[in-house]
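Novice: Could you work out the structure for the sequence below:
(one chain, ligands or ions: 1)
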Amino acid sequence: MKVSVIGTGYVGLVTGTCLAETGNEVLCVDIDEVKVEKMQNGVVPIYEPHLDVLFERNIKAKRLKFTTSLEEGLEHGEIIFLALPTPEDEDGSADLKYILGVADDIGKLIKDYKVIVDKSTVPVGTSEKVKAAISKNTDVEFDVVSNPEFLREGFAVDDFLKPERIVVGSDSKKALSIMEKLYKPYVRSGNPIITMDEKSAELTKYAANSFLATKITFMNEIANFCEKVGADVDKVRIGMGTDSRIGKRFLFPGIGYGGSCFPKDVKALHKSGKDNNYDFKILDSVIEVNSKQKTILMPRIASYFNNDLRGKKIAVWGLAFKPETDDIREAPSLYMIDEMLKLGASITAFDPEAMPNVQRKLGSKISFANDMYSALEDADALLICTEWSIFRTPNFEKMRGKMKSSVIFDGRNLYDLEEINNEVQFYSSIGR
Ligand code: UDX
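Specialist: Numbers count the residues shown, from 1 in each chain. This is a model prediction of the structure:
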């Protein structure tokens, strides 16, 4: 099938590349000329595991192309995906200016029937607004479909190629059957394509992400409570998670959720509730607890050093909001670094992928190390912010040799308590 994808951020690029992988002819559109030129020359603009292989293969096969022209994009695809940003507005709602701007242009350019697919995460009722913005400028027939993505950064390619479910919302049978045809190759294992109305599809995305954020936040509170009563959250987690109604996943406590999705989506659903006279009390708490959780280790670090980090060197392992990504949006590491700098610490960080992004943001406020052990040189303490696999089984002898004192604050509970206490002089983690 012929598909166009408007917007080549994480979602658009993964969508376009993975749709080309099953033989579709995909044209990706972006207004950023430099980025489009790079992609035309085979450069993947983001880090996402396995994307580079698929990207190269499909460009070579001429199934994946790039342009800056929306007009060309609209001419090419029978299905037009909108994968545009919906950043957080000042009041917490999702800003729809990019989506509605493109919808407006589509109305001016459309010449024959198209399925316009909303892939971006948008509040309930957006597809109606998209329809209105397009039809304002045209009488040509089109349908709007809500098709939220559930891609995890770091696993996005796999999630796209083998989704647990695909949600498609539309009131048009014609559009639904076109979408089912497009997605058939991805659900050969028998996973469902769930069809519904647009509003329910739009809400499904917010409900799923907000539920997961709530699940993590609940565990973070249980972890904090474990510390008060002397319980071990690892034991509690396993004891709870083996109940299949609860499930083992997304029960890992830490220094809070981050990223481009959870923080923004929880706030947007909360705001959407307000706009519709519904007070999501639970989401209010999730937002509040998570923002505290991001710096939960700070009082401990401060008190360990008598509230004065001047002249102290703190090593930081992990900057990305989670492993397998270079994404630092809403990353707890940045909040912790900010607080430690305020107390006068000097910081040397290491992250396998995210250092360039942090360097762009923080400049020379902190130093960066070439590898995880160099970051520890003369350090008074190590703070772990991201659970990259490489940090899970370090050479403790080498660590002790580098550090001034072997003190670890672990925001991701990477080590077995008994083992680590034999290796270092001080260890503090979350909820145990
Ligand atoms: C999420 C959703 O999972 C995905 O379906 C959606 O479409 C986009 O948002 P992503 O933001 O890539 O994906 O990250 P995810 O792996 O879901 O983790 C989100 C945050 O929760 C991270 O900050 C992670 O560290 C944190 N987390 C996750 C925990 O703190 N504990 C857990 O047990 C799981």
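
Novice: Flag every residue of the stretch 301-432 of the chain that's near the ligand.
Specialist: 321-322 (Cβ under 6 Å from any ligand atom). Where you see a C-beta, it was placed from the backbone N, CA and C, and this is true even at glycine.

Novice: show me the contacts for residue 167.
Specialist: Contacts for residue 167 (Cβ atoms under 8 Å, 6 or more residues apart in numbering) come out as 146-148, 150, 194, 196, 201, 204-205.

Novice: Count the neighbours of residue 378 for me.
Specialist: 11 (other Cβ atoms under 10 Å).

Novice: Which of the contacts of residue 167 fall within strands?
Specialist: In strands, defined here by DSSP state E, the members of the contacts of residue 167 are 146, 194, 196.

Novice: The first one is in contact with residue 168, isn't it?
Specialist: Spelled out, that is residue 146. Yes. Counting by Cβ atoms under 8 Å, residue 146 does reach residue 168; the two are 7.5 Å apart.

Novice: need the contact list for residue 217.
Specialist: Here residue 217 is in contact with 257, 285-286, 289-290, 293 (Cβ under 8 Å, 6+ apart).

Novice: what's the closest of these to residue 155?
Specialist: Set against residue 155, the nearest of the contacts of residue 217 by Cβ to Cβ is residue 257 (16.0 Å).

Novice: Can you tell me how far that closest one is from the ligand?
Specialist: Per Cβ to the nearest ligand atom, to the nearest Å, residue 257 is found 3 Å from the ligand.

Novice: can you check residue 361 too?
Specialist: Where the ligand is concerned, residue 361 sits at a distance of 17 Å (Cβ to the nearest ligand atom).

Novice: Give me the three-state assignment for that residue.
Specialist: Three-state assignment for residue 361 (DSSP: H, G, I helix; E, B strand; the rest coil): helix.

Novice: host element of the closest residue to it other than its chain neighbours?
Specialist: Residue nearest to residue 361 in three dimensions, not counting chain neighbours: residue 328, with 7.0 Å by Cβ to Cβ, 6 or more residues apart in numbering. Under the criterion DSSP states H and E, no helix or strand holds residue 328.

Novice: returning to what we had before: out of the ones in strands among the contacts of residue 167, which is nearest to residue 252?
Specialist: residue 194 (27.7 Å).

Novice: Provide a list of residues in contact with the closest one.
Specialist: Here residue 194 is in contact with 165-168 (Cβ under 8 Å, 6+ apart).

Novice: got it, and residue 237?
Specialist: So residue 237 contacts 219, 251-253 (Cβ under 8 Å, 6+ apart).

Novice: and it, how far is that from residue 281?
Specialist: 25 Å (Cβ to Cβ, to the nearest Å).

Novice: Repeat that for residue 65.
Specialist: 48 Å.

Novice: before we move on, the earlier item: next, give phi and psi for the residue nearest to residue 361.
Specialist: Residue 328 adopts backbone torsions of phi -120, psi 10, taken as degrees, to the nearest 10.
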